[in-house]
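Chemist: predicted structure and sequence below. I'll ask about it afterward.
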Amino acid sequence: MRVFEFLINPEDESMGMKAISLVDKPAMESEFIAFNKSEKKPMYFKVDDKKYIIAGLALIPDKLVYRVDEETGEDYFGFFSMETIELIADKFMKEATSGTLKDVNFNHDSENKANAHLVESYILRTEEMVNAVKKMGVEDAVLGAWFVAYKFDSFEDYDKAVEDGFTGFSIEVILQRELKMNKNNNNFNNSIMAKFKNFVDK
């Protein structure tokens, strides 16, 4: 099976992340976590005091992702480097004025939008950041991963995300592929082979 690296050209306006989706089977295989907050309020406040925030990893560097080419039907693996993840996150935030921060849907259905907006977005650049995210319950946190948190403006959509089997984030991104490994190439890159072996072992 061939292995490709996923890449974007930050100068190409058509490329980059266009939306994020809440899915039941995230390609990154990293589940999001939900945060609630409960505090005592004076009785005259009839307010549900949940934070209505979900958080987790949108992208994990060097993680092999199984894909199927829609045109050829070919199975292949792809991965994002730390550098590409940073480019995608940066371009996503740069284009925030066009509404990307509120482009959230369920199971990649653009008609099934989630009423939520981005409240946190950062790359895990240090071991301290990785450990802090792991303490939240995101065990897949590693250096170079992209952490996001979304606050829901709809109680119904939040409950749907948490209770209806949705477990993680999946990005909608336009990118290009660069072949890194195939069965006819004897000069395999050692790091690519290590990633593939780790995936098979798991």
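Modeler: Ah, there it is.
Chemist: going by C-alpha atoms from here, please, whenever you check contacts or count neighbours.
Modeler: Noted.
Chemist: which ones are touching the nearest residue to residue 114 once chain neighbours are set aside?
Modeler: The spatially closest residue to residue 114, leaving aside those adjacent along the chain, is residue 105, at 4.8 Å (C-alpha to C-alpha, 6 or more residues apart in numbering). With contacts taken as C-alpha atoms under 8 Å, 6 or more residues apart in numbering, residue 105 has the following neighbours: 19-22, 111-114.
Chemist: just to be sure, residue 105 is in a helix?
Modeler: No - using DSSP: H, G, I helix; E, B strand; the rest coil, the secondary structure at residue 105 is strand, not a helix.
Chemist: bridged to it, which residues?
Modeler: Listed beta-bridge partners, residue 105: residue 21, residue 113 (assigned using DSSP bridges).
Chemist: same question for residue 172.
Modeler: Legend: beta-bridge partners of residue 172 under DSSP bridges are residue 19.
Chemist: what is the neighbour count of it?
Modeler: Counted with other C-alpha atoms under 10 Å, the neighbours of residue 172 add up to 15.
Chemist: hang on, isn't it packed against residue 23?
Modeler: No - under the criterion of C-alpha atoms under 8 Å, residue 172 makes no contact with residue 23, lying 11.6 Å away.
Chemist: quick check: phi and psi on the residue nearest in space to the middle of the chain?
Modeler: Nearest to the mean C-alpha position of the chain, counting by C-alpha atoms, centre = their mean, stands residue 58 at 1.6 Å. With angles defined as degrees, to the nearest 10, residue 58 sits at phi -90, psi -40.
Chemist: that one against residue 173, yeah?
Modeler: No - distance between residue 58 and residue 173: 11.5 Å, which falls outside the contact criterion (C-alpha under 8 Å).
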